[in-house]
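Novice: please work out how this folds:
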Amino acid sequence: SSGINAEYGESYLNKFATCARARPFESQKLGSSFFMKEHTKPIFNCCKILTVQNIYKVQCINEIFKIIKFRCPYSLYESFNISKRDTSLNIVLPEQSRTFLFNAAKFWNCIHKQILNDSSSLDTTSVNIVKSRSRQVILTCQTLDDVAHWTPNNFQIVPQILLQPKNTVPERYDGTVVNINVE
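Specialist: Coordinates of the predicted model:
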């Protein structure tokens with residue numbers, strides 16, 4: 001039978017005590033090579049799993065969209081200062097801090113133009129669309145750069161390479177440029 005046997009740190013002299021690995025049962029050889037540490041990035045990208053940092057960003061973006069759209073809870077809605085200069089829904093950042101207000105506003109300003117169409121308004125855009133589009137954009141950023149190793153670009157909503165002016169070559173970037181299209 002082709003089952004999966006999960007090994008938890010109790011075997012092979014308590015190797016990597018908190019690690020869990022799944023291997024096809026037939027191909028298991030419980031030698032030292034079986035207990036090698038693995039890179040997590042390929043697994044996350046293959047299964048389209050967001051990291052904890054990126055789950056937080058998607059949740060903040062989703063919550064701030066609901067607050068702006070439904071104006072509920074009103075006390076939080078009043079805390080956000082939406083820019084009156086244009087109709088872009090930019091939020092004037094509050095004083096820098098480690099609060100939901102500051103982080104959510106910062107994430108929203110980075111991503112809202114990518115997840116909201118020019119023709120759509122808050123009234124016609126559903127919460128599910130915002131959630132799926134923001135998840136897609138953040139997953140795309142999470143797959144940038146090295147295939148096996150995490151880089152700072154993987155934890156930014158708009159990686160530094162995408163912020164470069166056109167016709168410039170970044171100094172420290174060795175990956176490929178990814179265009180993020182959300183339909």
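
Novice: from now on I want contacts and neighbour counts done on CA atoms only, so please keep to that.
Specialist: OK.

Novice: which elements pack onto the longest helix along the chain?
Specialist: Longest among the helix segments of the chain by residue count, using DSSP state H, is helix 52-70. Applying 3 or more Cα pairs under 8 Å, 6 or more residues apart in numbering; DSSP states H and E, we find helix 52-70 packed against helix 74-79, helix 100-115, helix 127-142.

Novice: worst-scoring helix or strand of the protein, pLDDT-wise?
Specialist: strand 4-8 (a mean of 47; mean pLDDT, DSSP states H and E).

Novice: circling back to that earlier point, quick check: mean pLDDT of the longest helix of the chain?
Specialist: The average pLDDT within helix 52-70 is 96.

Novice: equivalent analysis for stretch 74-86, please.
Specialist: In this model, stretch 74-86 has a mean pLDDT of 90.

Novice: and stretch 107-114, by the same measure?
Specialist: 92.

Novice: check which residues of it are buried.
Specialist: Phe107, Trp108, Asn109, Ile111, His112, Gln114 (16 or more other Cα atoms under 10 Å).

Novice: how about the third one: what's its closest non-neighbour residue?
Specialist: Pointing back at Asn109 there. Excluding its sequence neighbours, the residue lying closest to Asn109 (Cα to Cα, 6 or more residues apart in numbering) is Asn90, at 5.5 Å.

Novice: on that earlier part again, can I get the buried residues of stretch 107-114 in a markdown table with distance to Asn62?
Specialist: Output for those, formatted as a markdown table (distance: Cα to Cα, whole Å):
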| residue | distance to Asn62 |
| --- | --- |
| Phe107 | 10 |
| Trp108 | 9 |
| Asn109 | 13 |
| Ile111 | 11 |
| His112 | 11 |
| Gln114 | 14 |
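
Novice: output stretch 69-85 as CSV, nothing but the C-alphas.
Specialist: Below are the C-alpha coordinates for stretch 69-85, written out as CSV (Å, rounded to 0.1, in the frame of the first residue of the first chain):
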residue,chain,number,x,y,z
LYS,A,69,-16.4,49.6,2.9
PHE,A,70,-18.9,49.0,5.7
ARG,A,71,-17.7,51.8,8.1
CYS,A,72,-18.1,49.3,10.9
PRO,A,73,-16.9,49.5,13.6
TYR,A,74,-17.3,53.2,13.3
SER,A,75,-14.8,54.0,16.0
LEU,A,76,-12.1,52.3,13.9
TYR,A,77,-13.3,53.8,10.7
GLU,A,78,-12.9,57.3,12.2
SER,A,79,-9.4,56.4,13.2
PHE,A,80,-8.4,56.1,9.5
ASN,A,81,-7.7,59.3,7.6
ILE,A,82,-8.4,58.6,3.9
SER,A,83,-6.6,61.0,1.6
LYS,A,84,-8.8,63.6,0.1
ARG,A,85,-6.3,64.6,-2.6
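
Novice: buried residues, it. List them.
Specialist: So stretch 69-85, judged by 16+ other Cα under 10 Å, has buried residues Lys69, Tyr77, Phe80, Ile82.
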